[in-house]
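> Everything below, folded, please.
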Amino acid sequence: MKNNKQKLLEYLKEHKFMSVATHDEHLWAAWVYYVIDDEFNLYFVSAPDTDHCKNIIKNGEIACAIADSHQNVTDKKIGAQMYGTSYRLKDITQIKWMLKLWNKINPGFEKIVNLKNMQNKVINSRVFKVIPKKIKWFNEELYGNKEFEEFLL
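Next up is the predicted model:
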């Protein structure tokens, strides 16, 4: 039988689009496509000169939210909110793994979003890793009136 943490990981693997929030002189929110590993680390591809990435490079603090935007207000709510740290990934082995998975989940950009194009500066995008410290999983179907469970990682 799966425990709730395993169910959360499955939920996060079923999705691919998340909102990230960062800060420096001001708050900034952005949408990114992500992939996740079995340790709940999330990875996304984005250009270092975007506001959210500049903030990550400066202080590494991040908050994220993931939910199905097709939920109706009358549906039982399900979604995840988290905070943690983020940084630009530089390990080539991890970058190759991430890009392979990212392109499998987000097909159609394999000839654009790849390590060779990053190394040759054909694209400016780079890989960023999010290490969650806390995940709050709202799942009214699973938790009923309690509504959510918090996971400290």
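> give me the low-pLDDT residue ranges for the chain?
Scanning the chain for pLDDT under 70 picks out nothing.
> where do the strands sit along it?
17-23, 27-36, 42-46, 61-67, 78-88, 126-139, 148-152 (DSSP state E).
> export those strands to a markdown table and tack on mean neighbour count and distance to K111?
From N, CA and C alone the C-beta is placed, and that goes for glycine too. Putting those into a markdown table (neighbours: other CB atoms under 10 Å; distance: least, CB to CB, whole Å) gives the following:
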| stretch | mean neighbour count | distance to K111 |
| --- | --- | --- |
| strand 17-23 | 19 | 22 |
| strand 27-36 | 17 | 17 |
| strand 42-46 | 23 | 14 |
| strand 61-67 | 19 | 28 |
| strand 78-88 | 18 | 23 |
| strand 126-139 | 19 | 17 |
| strand 148-152 | 13 | 37 |
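> wait, what's in contact with L152?
Applying CB atoms under 8 Å, 6 or more residues apart in numbering to L152 gives the contacts K133, K134.
> Please name the bridge partners of it.
K134 (DSSP bridges).
> Also K129?
Y43, Y87.
> circling back to that earlier point, reformat the strands of the chain as a markdown table; add distance to N120.
Rendered in a markdown table, the data for the strands of the chain read as follows (distance: least, CB to CB, whole Å):
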| stretch | distance to N120 |
| --- | --- |
| strand 17-23 | 27 |
| strand 27-36 | 22 |
| strand 42-46 | 16 |
| strand 61-67 | 28 |
| strand 78-88 | 18 |
| strand 126-139 | 13 |
| strand 148-152 | 40 |
